[in-house]
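J.: Structure for the following, please:
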Amino acid sequence: MAGGVAGVVSGAPSTAHAVLTGRPPLGAARAAASLLGGVGLVRGAVAHGALSVAWGMVLASLLPRRHAVASGALAGLAIAALDLGLVGRRVAEVRALPQLPQVADHVVFGAVAGAVLSKCSSGGLG
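T.: Have a look, this model is predicted:
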């Protein structure tokens, strides 16, 4: 659940950056499609959704429930290093994206996932 919720809102920084700089706002979604060996928004949504759920499951098992938002944000930085540094540098479409907004997306993802996990463990979303 945390990965799904976080995945929906985590693209806000890069989307806002794209709009403000005149870049295509769905460029990151198209780049995500290339991770599945193709193009298109549907394939990009599938790739992003799968990654979000997977990372959400990892965070659910690793994040402490105290200070979950801050811990999640830090985890988002680590996920950015893996996603953008190890995997993304091998994929031209991902490598071509402005990196700072992508890192911000990952930090937002981790923070939101932490917030959802914190609420779930306290009975707030169940």
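J.: Every contact and neighbour count from this point should use C-alpha atoms.
T.: Noted.
J.: quick one: low-confidence parts of this structure?
T.: 122-126 (pLDDT under 70).
J.: Which neighbouring residues are in contact with Ser71, exactly?
T.: Leu63, Pro64, Gly110, Ala111, Gly114 (C-alpha atoms under 8 Å, 6 or more residues apart in numbering).
J.: which stretch of helix or strand covers it?
T.: Using DSSP states H and E, Ser71 maps to helix 68-80.
J.: Repeat that for Val42.
T.: If you go by DSSP H and E, Val42 is part of helix 41-62.
J.: Show me what that helix packs onto, helices and strands only.
T.: Packed against helix 41-62 by the contact rule (3 or more C-alpha pairs under 8 Å, 6 or more residues apart in numbering; DSSP states H and E) you find helix 2-9, helix 27-34, helix 99-121.
J.: before we move on, the earlier item: most neighbours among the contacts of Ser71, which one?
T.: Gly110 (35 neighbours; other C-alpha atoms under 10 Å).
J.: Surely that one touches Ala68?
T.: No: using C-alpha atoms under 8 Å, Gly110 makes no contact with Ala68, being 9.0 Å away.
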